[in-house]
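Participant: Here is a sequence together with a model predicted from it:
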Amino acid sequence: MVEPVDAIGKARAAVTERAELPGMSLMEHLEELRRRIVHSAAYLCVGFVVAYMFHERLYGFVDAPLNHLGIKLNYTHPMDPLNLYLQVSLIGGAILASPFILYQVWLFIAPGLYQKEKRFVIPFMAATVGLFLAGASFGYFFVLPGALKILIVQFGSKFNPMVTIEEYTGFFLSVILGLGISFEMPILIFFLALFGIVSPRFLWKNIRYAILAVFLVAAIITPSPDPWTMCIYAIPMLALYMIGIAVAWWVHPSRKKAKEVSS
């Protein structure tokens with residue numbers, strides 16, 4: 001019963017310390033949020049325009065896993081090809097603009113951080129973009145080809161595949177974006193630990209629940225009932241959770257206080 005009380009006390013102390021930072025009124029927060037959203041939207045539009053200039057190459061990138069199986073995409077509505085080009089250009093533009101959009105996010109949360117915590121801006125941006133690209137690459141080069149091979153070549157071997165643009169695009173984005181976002185786990189843990197919401201001890205004590213959640217997610221995105229295949233997808237996410245524990249130990253306020261006391 002002592003540990004939860006201590007954890008609550010530490011969280012309250014961290015919140016109290018942050019309350020001493022220069023504050024902003026509600027209207028100032030809303031105005032700052034509006035400014036960052038407008039800037040992010042502008043960067044996204046620029047990225048979309050640049051990506052649309054290469055929409056044919058982007059389509060080839062999206063279609064490659066299916067094309068390797070000798071299957072061509074079909075469409076049932078005259079707008080489907082245009083919608084595909086717009087979607088891949090939007091995703092490509094978002095990836096191009098992501099460093100600038102993330103910087104706007106950082107500018108919004110920076111007033112609530114201490115000066116020594118603001119030095120994390122470059123590692124934050126590099127890690128966020130890098131982890132997303134790592135997850136998307138893992139999905140594109142390993143999960144998506146394996147899923148298509150199992151679903152179409154093995155389970156659908158007795159049938160004639162007629163894959164439409166709309167259905168394939170949704171499936172493609174769910175795998176790529178889903179894994180890209182799931183690989184952001186250390187970044188989420190970073191902020192939760194930085195603000196004293198979770199601690200390394202809490203994360204380690206509840207690792208069994210994290211393992212259960214990871215395998216549930218892996219079971220959902222794994223097309224094969226083979227448990228070994230599910231383990232292949234779950235291992236990277238478990239590794240990211242362990243990295244998140246190390247990150248939480250590095251940035252948690254309790255470690256900084258202990259360091260100050262010892263010095």
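Facilitator: Happy to help now that I have it.
Participant: Please make it C-alpha for all contacts and neighbour counts, starting now.
Facilitator: Will do.
Participant: tell me, what residue is most central in the chain?
Facilitator: Nearest to the geometric centre of the chain sits Ile181, at 2.2 Å (CA atoms, centre = their mean).
Participant: Flag the shaky bits of the chain, pLDDT-wise.
Facilitator: 1-24, 117, 221-226, 229, 253-263 (pLDDT under 70).
Participant: Could you list every helix and strand in contact with the top helix by length along it?
Facilitator: In the chain, with assignment by DSSP state H, the single longest helix is helix 80-109. Applying 3 or more CA pairs under 8 Å, 6 or more residues apart in numbering; DSSP states H and E, one finds that helix 80-109 contacts helix 26-52, helix 55-67, helix 121-138, helix 165-182.
Participant: Now do the same contact list for Ile37.
Facilitator: Gln104 (CA atoms under 8 Å, 6 or more residues apart in numbering).
Participant: Then Thr128?
Facilitator: Contacts of Thr128 (CA under 8 Å, 6+ apart): 184, 187.
Participant: let's see 10 Å
Facilitator: 98-99, 102, 122, 134, 180-181, 183-188 (CA atoms under 10 Å, 6 or more residues apart in numbering).
Participant: Any of the residues you listed buried? List them.
Facilitator: 98-99, 102, 134, 180, 183-187 (16 or more other CA atoms under 10 Å).
Participant: picking that back up, tell me the one of the contacts of Thr128 nearest Gly244?
Facilitator: Using CA to CA, Pro186 comes nearest to Gly244 of those, at 4.3 Å.
Participant: Pretty sure that closest one sits against Val251.
Facilitator: No. Between Pro186 and Val251 there is no contact under CA atoms under 10 Å: 11.9 Å.
Participant: how many neighbours does Thr164 have?
Facilitator: Neighbours of Thr164 under the rule other CA atoms under 10 Å: 15.
Participant: any idea how far it is from Gln104?
Facilitator: Per CA to CA, to the nearest Å, Thr164 is found 37 Å from Gln104.
Participant: Phe124 now?
Facilitator: 12 Å.
Participant: Mind listing the shared neighbours of these two?
Facilitator: Taking CA under 10 Å, 6+ apart as the contact criterion, no residue touches both Phe124 and Gln104.
Participant: domain ranges for the protein?
Facilitator: Here the domain parsing of the chain from automatic domain parsing is 25-183, 184-254.
Participant: Tell me which of these is the most buried.
Facilitator: domain 184-254 (a mean of 18; mean count of other CA atoms under 10 Å).
Participant: circling back: kindly reformat the helices and strands packed on helix 80-109 as TSV and extend each row with distance to Val88.
Facilitator: Converted to TSV, the helices and strands packed on helix 80-109 look like this (distance: least, CA to CA, whole Å):
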stretch	distance to Val88
helix 26-52	8
helix 55-67	6
helix 121-138	14
helix 165-182	9
